[in-house]
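**Student:** Build me a model:
(2 chains)
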Amino acid sequence: MIVLLWVFMLGTSFAKPLSHQFEDKKLYYSALNEFFYETYNKPVANSSLERLEKLLFFTGIELLEDYELSLLEKYPTSSIHFILARRYFKKKEYKKSQEHLKNVKAEHRYFPESQLLKGQIFGDLGQFDDESESYFSCQKTAEREEHKASNEKIKRYYRMIHEICLINKARRLFKQGHYKESIDAYDQVPKKSYKWPYVLLEKAWAYYHLGDYNRSLGLLITYKSPLLDTYFFPEAEYLAALNYLKLCLYDDSLTIINQYYQFYRPRFNQLEKFLSVNLKSQDYFYNLMFKHEMESKDVEDFAFKIVTRLKKQTRFSLDFNTIYKINKEIEAIYSSEDQALKRRLIPHLNLVKENIISKINYNAKEDIFNFLETVPFFSSQLFKIQLETLSKKKDLIYTGRTLISDRSRGDYENVKRSRFEYFWKFEGAFWADELGDYSLGLKSNCELNKDHKSESAK
Amino acid sequence: MKFLALLFFIVSMSVFSKDEKVIYEYKKYEKFDLGNLEVKGELIAPGDLTVRERDRKRFSLDLFTRKDFDSIQKRDVDSLR
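**Tutor:** Numbering: from 1, shown residues only, chains lettered A, B, ... in the order given. Next up, the predicted model:
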């Protein structure tokens, strides 16, 4: 009897901690939660840090987004340093963020993204050389990790990091006024990239600064293609009107403005209403992401397009992947664990899942809000262009002058192009391989007639 | 003695003069002959009314042009996680 008791006691004292048991059963989310319970009030050994890294490899770091900073500081692993660096970066505490970024190991999977953060901090601090170096390192290591990755989704994630670093390099050149060089950098972003539709607008600004208004307009016309109908930016409409104003094509400028007011303004108002009605919902926008366009006739068109755009974001795919894995874990617990364990683990997993759903929902709301926030600013800027256009037209009438041609239309001579760019006429259809390479051939209308007098003035 | 008599006369005159009313009279009609007035200076005749031609003042509005993409860069980092 005594021997049996001794064996039992020995067995319980050497029994694996729960986090290990869950890990062995591949219940990683439950194991991670248990790991923190077991270690939060004890000194953390190196072996524990290695285990944490292993668990985070399976779970990802998304569910640690709302953990307390003081708790995370206890676990100095590369993943945790990266989470802390992001958190401090968002709070604009750059020094603390940089300290944590230094500790992300060069061979770690989050290293490329840490270099992206580093670059952004250097950019904000005006340290352009360091910024450039960080983006270069980001691109190189993202490429390395992309080649190593076996899963297509992970490959796509590293490609995205690589492209953002490349685009940020172009943005820095733009900020420094090196517009030609920035266009060269933007050109390296492949058309298949998720970021490419956003790049069009930025490139159009670079051409605008170079005075190539035709090329700028051509890039903005790409947004009219059916393939890009989910991408609508008030800023693009504004830039188009501004380009026409610079070419002294006042009527074209006014057409863009009228179209904006008549077609888009009522839609923005509807979108605003739609957002305010569902503002307090914790899952409306999340559910909307899984609806087919036909099922959501009641939903405002723009909202649906924005939500479709959000689904292409990396964070959505990471968060959604987490929900998928948690559901799998819940299923596994239901099928193979006893009642006591079910009661212990499932409520926690459901809570984590709910948190991630409300995070996705919140992000969608925030993106719609950010979109709407740009509307009043660009509406007022378009109104300014309208005033400027009318003022210029009035000047011509008062001074009895006319422009060289009232509506000069396209001509091949007005298309500026490099020796690497070919020319085909636009035949009324958008071809996928042509997208982003359009240029208008409009002649600048800013020249005055030689006699300086219009017929009516005579 | 003569001096005393003169002094008495002056004093008595000043005592009696306090009772007299002083009446001021203004001219009821006065004629100015402007033709005969001489004014120093140059005599000129007014010509045609003219306004000097000048350009209208043009107010140019401060239109927005992008100088950087800082805010968009931050949004890109947020969209990753």
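**Student:** what about residue A:224, how many residues close to it?
**Tutor:** Using other CB atoms under 10 Å in any protein chain shown, residue A:224 has 11 other residues around it. All C-beta atoms are positioned from the backbone trio N, CA, C, and that covers glycine.
**Student:** Could you check the pLDDT of residue 12?
**Tutor:** With no chain named, the answer covers chain A. Residue A:12 carries a pLDDT value of 46.
**Student:** right idea, wrong chain: chain B
**Tutor:** On pLDDT, residue B:12 comes in at 62.
**Student:** Equivalent analysis for residue A:419, please.
**Tutor:** Residue-level pLDDT assigned to residue A:419 equals 57.
**Student:** Quickly find the element holding the nearest residue to residue A:158 once chain neighbours are set aside.
**Tutor:** In this structure, residue A:158 finds its nearest non-sequential neighbour in residue A:146, 3.9 Å apart by CB to CB, 6 or more residues apart in numbering or on different chains. According to DSSP states H and E, residue A:146 maps onto helix A:128-148.
**Student:** So for that helix, mean pLDDT?
**Tutor:** Regarding helix A:128-148, the rounded mean pLDDT is 94.
**Student:** quick one: stretch A:338-358 to chain centroid distance?
**Tutor:** Distance of stretch A:338-358 from the chain centroid (CA atoms, centre = their mean, to the nearest Å) equals 31 Å.
**Student:** who touches residue 59 in this structure?
**Tutor:** This is for chain A. By CB atoms under 8 Å, 6 or more residues apart in numbering or on different chains, residue A:59 lies in contact with A:28-29, A:32, A:322, A:325.
**Student:** if you could check chain B rather than the one you did, that'd help
**Tutor:** Neighbouring residues of residue B:59 by CB under 8 Å, 6+ apart: residue A:391.
**Student:** what about it, which SS state?
**Tutor:** Under DSSP: H, G, I helix; E, B strand; the rest coil, the three-state class of residue B:59 is coil.
**Student:** and the gap between it and residue A:397?
**Tutor:** 17 Å (CB to CB, to the nearest Å).
**Student:** hang on, the earlier thing: the residue nearest to residue A:158 contacts residue A:163, correct?
**Tutor:** No - if you go by CB atoms under 8 Å, residue A:146 and residue A:163 don't touch, sitting 10.9 Å apart.
**Student:** Show me which of the two is the more surrounded one.
**Tutor:** Using other CB under 10 Å as the criterion, residue A:146 and residue A:163 rank with residue A:163 on top: 21 against 18.
**Student:** distance of that one from residue A:314?
**Tutor:** From residue A:163 across to residue A:314, the span is 11 Å (CB to CB).
**Student:** and what of residue A:150?
**Tutor:** For residue A:150, the distance to residue A:314 - CB to CB - is 18 Å.
**Student:** Neighbour count: the two, which is higher?
**Tutor:** Taking other CB under 10 Å, residue A:150 and residue A:314 do not tie; residue A:314 has more neighbours (19 against 6).
**Student:** which residues does the more buried one contact?
**Tutor:** Taking CB under 8 Å, 6+ apart, we find residue A:314 in contact with A:156-157, A:160, B:79-81.
**Student:** What score does it have for pLDDT?
**Tutor:** Reported pLDDT for residue A:314: 83.
**Student:** Next step: the contacts of residue A:314 restricted to helices.
**Tutor:** Within the contacts of residue A:314, residues falling in helices by DSSP state H are A:156-157, A:160.
**Student:** Buried ones among these?
**Tutor:** Using 16 or more other CB atoms under 10 Å in any protein chain shown as the burial test, these include A:157, A:160 as buried.
**Student:** okay if I get the ones in helices among the contacts of residue A:314 as JSON lines plus distance to chain B?
**Tutor:** Compiled in JSON lines, the ones in helices among the contacts of residue A:314 are given as follows (distance: CB to the nearest CB, whole Å):
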{"residue": "A:156", "distance to chain B": "12"}
{"residue": "A:157", "distance to chain B": "8"}
{"residue": "A:160", "distance to chain B": "7"}
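**Student:** after whichever strand or helix holds residue A:204 comes which helix or strand?
**Tutor:** Taking DSSP H and E as the definition, residue A:204 sits inside helix A:196-210. Using DSSP H and E, the helix or strand that follows helix A:196-210 in sequence is helix A:213-221.
**Student:** Give me the contact list for whatever helix or strand comes next after that following helix.
**Tutor:** With elements assigned by DSSP H and E, the helix or strand that comes after helix A:213-221 is helix A:234-246. Defining contact as CB under 8 Å, 6+ apart, one finds that helix A:234-246 is touched by A:201, A:204-205, A:208, A:211, A:213, A:216-217, A:220, A:223, A:250, A:252-253, A:256-257, A:259-260, A:264, A:374-375, A:378-379, A:381-382, A:385, A:388-389, B:63-65.
**Student:** any idea how far the residue nearest to residue A:158 is from chain B?
**Tutor:** Computed as CB to the nearest CB, to the nearest Å, the residue A:146 to chain B distance reads 15 Å.
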